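Asker: return a 3D structure for these sequence lines:
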Amino acid sequence: MAVQDNERPDKILQRRNFLKLVGAGATGIALLSVTGCNKDDSPPDDMGGKGFYFGSGDIAILNYAYALEQLEAAFYIEMIKNPYSNISEWEKTLFTDIRDHEIAHREFFKKALGDKAIDSLEFDFSKVNFSSRENVLATAKVFEDLGVSAYNGAGWLIANGDYLLLAGKIVSVEARHAALVRDLIDNGSFADSEVIDSNGLDVANSPTKVLQAAAPFIKSKVDVSDLPTY
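Answerer: Okay, here's the model as predicted:
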């Protein structure tokens, strides 16, 4: 059921016991450099024009978040289906929890958007070596850091306060994932200068920058021509 004007999205989350899924933490090792942005940036060529139309305004921002949650969910589903060599039961349990969180995020946005939701996207993980712990963790770090910076960067573009509240709840979970993955790679790196600035604040990136970084993994053509950015 789509979000209605008289029904706060955060109450929908409560009904679905969404907050019970809040789990462990953070990510590490960057495959992509996602920093800063300038006003001249534009989405990659294959992410404009005809394709899955994100819409405009808050709907476009929600579809943007939905697309990123689809990406993360697809990655962790594949990872758990084909775990890397010699994965410990502890790490498999941690990543199973993260997979379930990302699926919950994905399904929440799909339900909230209703008939305004984009279709399920296709992804390309051909460059990810799922048998390698190092490569899988590095990719997980990229996706989690990217997700946190995406929510941070899109927050001020959201007009509806209820949607902003939801984004805040979800980004806190993504930050926990990011911290966990980072510490699995390099213990103590969960809040280093790569993701925390000199003011003690998380990195924020514009939708344009985030989509540029995510583009190599997205096979489907999407139309983000009316997506708010800066």
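Asker: could you pull out the strands for this structure?
Answerer: Taking DSSP state E as the criterion, the chain carries its strands at 52-53, 222-223.
Asker: buried sites along stretch 141-155?
Answerer: 141-154 (16 or more other C-beta atoms under 10 Å). Quick note: C-beta positions are derived from backbone N, CA and C, even for glycine.
Asker: so for it, mean pLDDT?
Answerer: Here stretch 141-155 scores 97 as its mean pLDDT.
Asker: now that stretch: how far from the chain's centre is it?
Answerer: How far stretch 141-155 lies from its chain's middle: 6 Å, per C-alpha atoms, centre = their mean, to the nearest Å.
Asker: one more: stretch 143-161?
Answerer: Centre-to-centre, stretch 143-161 and its host chain are 9 Å apart (C-alpha atoms, centre = their mean).
Asker: cool, stretch 212-224 as well?
Answerer: Put simply, stretch 212-224 sits 13 Å off its chain's centre (C-alpha atoms, centre = their mean).
Asker: same question, stretch 199-208
Answerer: 14 Å.
Asker: for stretch 126-133, same thing?
Answerer: Worked out by C-alpha atoms, centre = their mean, stretch 126-133 lies 19 Å from the chain centre.
Asker: what residues sit buried inside stretch 201-213?
Answerer: Buried residues in stretch 201-213, counted by 16+ other C-beta under 10 Å: 202, 203, 204, 205, 206, 207, 208, 209, 210, 211, 212, 213.
Asker: identify the farthest-apart pair in the buried residues of stretch 141-155.
Answerer: 141 and 154 (20.3 Å; C-beta to C-beta).
Asker: now the residue most central in space within the chain: closest residue in space, sequence neighbours ignored.
Answerer: In the chain, the residue lying closest to the centroid (C-alpha atoms, centre = their mean) is residue 147, at 3.5 Å. Take residue 147 and drop its neighbours on the chain: the residue closest to it by C-beta to C-beta, 6 or more residues apart in numbering is residue 174, 4.5 Å away.
Asker: you'd agree that neighbour is up against residue 151?
Answerer: Yes. With contact defined as C-beta atoms under 8 Å, residue 174 counts as touching residue 151 (6.6 Å).
Asker: related to what we said a few turns ago, need the winner for burial among the strands of the chain.
Answerer: Counting by mean count of other C-beta atoms under 10 Å, strand 222-223 has the highest mean neighbour count of the strands of the chain, with a mean of 22.
Asker: which among the buried residues of stretch 141-155 gets closest to residue 122?
Answerer: Among the buried residues of stretch 141-155, and counting by C-beta to C-beta, the member closest to residue 122 is residue 143, at 16.3 Å.
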